[in-house]
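> What follows is a protein structure lacking sequence information:
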């Protein structure tokens, strides 16, 4: 049985990855699951300098998911390289570093700092809805997305994965812009911009007013978008958005994803990605699937 | 490896209006320290996030390790918990967080509202130490109104004082209290002077818990309480007032904070609080309440 998949020339032992922002840099959840069993760990977004993030409340539960407006709080690339990357390098798993910035120059500086490190792949965050500058501003405009993808591709030593926002009219057009600019892969979806109101206080629940919706509530939207992108581009796709079970992961794979990322559900079960790997193996045994890649895009 | 655990519910009862006491059978009890919390998962599949609830005490029940949680029903998740019956199970993570650093000196334990329960475990832990006497543990409890809870239990381990924002002496609801304790309501600091308490001897005779109308700070002032160290848990305005009081008096204080959490283990960065010094995770000034906390030195946090 083959579970391994290839993303832009990098082999992952299985298609299960952790989703950025829901797994830190692996340290906390390494107490709850064996990172050696995962295809890859995607880190929380890393910027050039430390970022404060937003005011609290930053998180709230909604039906079948949650809203977050963390605002990309992170220690910056220097500490990430000296502290967090060596931690992840102890494990036999691939490392995908999520890169964020306020300007093109900041993205480029982070990408360059990562060039001679243990990072296997770079995921470019052009889709975080919770920061005022950068991020989603690049991901909601076709020309801006093309331009930044092209710039980053010139500097990056590792393959680049452009992480797409669902907060657009036509996500397939965004995928095409990434492909045309030379991206090596795409990942989708980031969170859906959303809002919750406290009717007793007559105010917003989150200090940021809006936040990103994640969790099982968004899964059908994400599956549809992965399918649309798979029909539009030849790039490998990492599918994510509300994956809670192996069955969910298989939906994304059949819609066209080569790999999947498990995110918010870790807050419900800190061992879930590992569980999903085991359940995928069980599915493949039961339904006589020799190679997980047979299933990628099998639904047209 | 740590993992999500399952506990069996031993018993559950309402202590007061919207306040429930839940005993869980779990070996995790042997690891728990005062000031730590459990993250409890609702069973409703649409409610995915765990609810952080401070540990009220641990004990052996029928020879098995058990944790007691005393919580307030504030939303759908806690409303669901309040329906759980003995024999049912509940999933949780924990114990989580750092807990209170303990020492044997004379201590003032301050609990406001649903910040009162962790003070029971702290008082009990102090009482179990040989070097500290019951008189060295002063406990100030703050309530919204007459819906009090845990007063008689706290009185076993320390000298208890009360404050209620709206006070009506005849209408206290703490059932155990009605039988065992006598209230000495004191309506203001000024009236304290004209209503002298004969300190410990009076208490020993009657088991009375003197109350004042107002906040925990009003009670501390009315009863002229002081100590070598302060431990506090409660709503943010109370913690801010306690911090100011502690700094003014030069008393070291430990504050247990509450914030909306998602993961409960330090991953999501949802529950940060502003701190004076850079935090160890992001090197900004945002410590994680769930991981570096929930207990912080008063001078460490900006409230």
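Sure, I can see it. Since the model is a prediction, treat every value here as computed from it, not as a measurement. Residues are numbered from 1 along each chain as shown, chains lettered A, B, ... in the order given.
> where along the stretch 151-300 of chain A do the helices fall?
Listed in chain order, the helices of the stretch 151-300 of chain A (DSSP state H, counting those that start in this stretch) span A:171-180, A:219-232, A:246-255, A:272-286.
> hey, which helix or strand in the chain has the poorest pLDDT?
Since no chain was named, I'll use chain A. Ranked by mean pLDDT, DSSP states H and E, the weakest helix or strand in chain A is helix A:136-139, scoring a mean of 88.
> I was thinking of chain B, sorry if that wasn't clear
Per-SSE averages on chain B (mean pLDDT, DSSP H and E): minimum helix B:189-194, a mean of 39.
> Can you name the residues that contact residue 162?
Using chain A. Residues near residue A:162 by CB atoms under 8 Å, 6 or more residues apart in numbering or on different chains: A:123, A:124, A:126, A:145, A:149, A:178, A:183, A:185, A:186, A:187. C-betas here are computed from N, CA, C, even on glycine.
> ah, no, chain B please
For residue B:162, counting by CB under 8 Å, 6+ apart, the contacting residues are B:140, B:141, B:142, B:143, B:148, B:151, B:183, B:209, B:210, B:211, B:212, B:219.
> Now do stretch A:90-107: distance to the chain's middle.
11 Å (CA atoms, centre = their mean, to the nearest Å).
> and the closest residue to residue B:249 other than its chain neighbours, how far is that from residue B:254?
Excluding the flanking residues, the one nearest residue B:249 by CB to CB, 6 or more residues apart in numbering or on different chains is residue B:226, at 7.0 Å. Between residue B:226 and residue B:254 the computed distance is 16 Å (CB to CB, to the nearest Å).
> Settle it for me: which of those two has more neighbours?
The residue with more neighbours, out of residue B:226 and residue B:254, is residue B:254; 24 against 12, by other CB atoms under 10 Å in any protein chain shown.
> Can you classify the more buried one by secondary structure?
Three-state call for residue B:254 (DSSP: H, G, I helix; E, B strand; the rest coil): strand.
> Tell me how far it lies from residue B:34.
Counting by CB to CB, the gap from residue B:254 to residue B:34 is 10 Å.
> and what of residue A:216?
Relative to residue B:34, and taking CB to CB, residue A:216 is found at 36 Å.
> Looking at the two, which is more packed in?
It is residue B:34, of residue A:216 and residue B:34, that has more neighbours when counted by other CB under 10 Å, with 26 against 21.
> Going by secondary structure, the more buried one is in what exactly?
Assigned by DSSP states H and E, residue B:34 belongs to neither a helix nor a strand.
> per-residue confidence at it?
Model confidence at residue B:34, given as pLDDT, is 98.
> what's the answer for the one 3 residues further on, then?
For residue B:37, the model assigns a pLDDT of 98.
> Quick check: it touching residue B:96?
Yes: counting by CB atoms under 8 Å, residue B:96 is a contact partner of residue B:37 at 5.5 Å.
> Tell me which of the two has more neighbours.
Legend: neighbour count by other CB under 10 Å for residue B:37 and residue B:96, higher for residue B:37 (28 against 24).
> got a list of what residue A:240 touches?
Neighbours of residue A:240 in contact, by CB under 8 Å, 6+ apart: A:19, A:187, A:188, A:189, A:222, A:252, A:260, A:261, A:262, A:263.
> Need the three-state assignment for residue A:115.
Here residue A:115 is recorded as coil under three-state DSSP.
> tell me the phi and psi of the residue nearest to residue A:130 when sequence neighbours are not counted?
Using CB to CB, 6+ apart and skipping residues adjacent in sequence, the residue nearest residue A:130 is residue A:69, 4.4 Å away. Torsion angles at residue A:69 (phi, psi; degrees, to the nearest 10) stand at phi -140, psi 60.
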